[in-house]
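[1] Pasting a predicted model and its sequence here:
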Amino acid sequence: MATATKQEPAKQEPAKQEPEKKTYTHRNYTEALEEISNRNNVPVSVCRKVVEGLMEMATDGLLSDREHFNLGRFGTFELRHIQAGRVRNPRAKEGEQQYYMAPERKKVRFRPGRTLEDQIKSHYNIGESVPITDDGTGANGEEEAEEE
């Protein structure tokens, strides 16, 4: 007489799901030109001329006496003066010189415009900061959420 052995049900592997597509992508210069071209139904060669003209204007604006370039609602590029000073060398090993004098230099800084900043805040659901009072409530009277 054959004995019936209890077989375990075959383990099913969970269905592999495609990773969720992110809303941003890293683009190189060529891919960005193609994207602009596709969005506006304009040849890539025209887009290239426009983008290169814009970069040339930004460079000229930063190198002029005014040292800034404003792109309207998008934002402003500006040159900042960084003073010479003593800087720590994080790669220095024990016994080597830990500090050195960095020369003064210029640094490009981008300040986003109001439109860009508002779009980023709404996309990432970023609210306004609210000062906390001494009794633990915010300025609008709501209690602060405690971290667990």
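    Yep, it's here. Fair warning: this is a prediction, and the values are worked out from it, not measured in the lab.

[2] can you tell me the distance between the two ends of stretch 96-115?
    49 Å (CA to CA, to the nearest Å).

[3] Quick one: residues in contact with that stretch.
    62, 71-89, 92, 120 (CB atoms under 8 Å, 6 or more residues apart in numbering). All C-beta atoms are positioned from the backbone trio N, CA, C, and that covers glycine.

[4] List buried residues within those residues.
    Burial by neighbour count, judged by 16 or more other CB atoms under 10 Å, picks out 62, 71, 75, 77-79 from the contacts of stretch 96-115.

[5] Those into a markdown table, with extra columns for pLDDT?
    Shown next, in a markdown table, are the buried ones among the contacts of stretch 96-115 (pLDDT from 0 to 100):
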| residue | pLDDT |
| --- | --- |
| Leu62 | 90 |
| Leu71 | 90 |
| Gly75 | 94 |
| Phe77 | 92 |
| Glu78 | 92 |
| Leu79 | 92 |
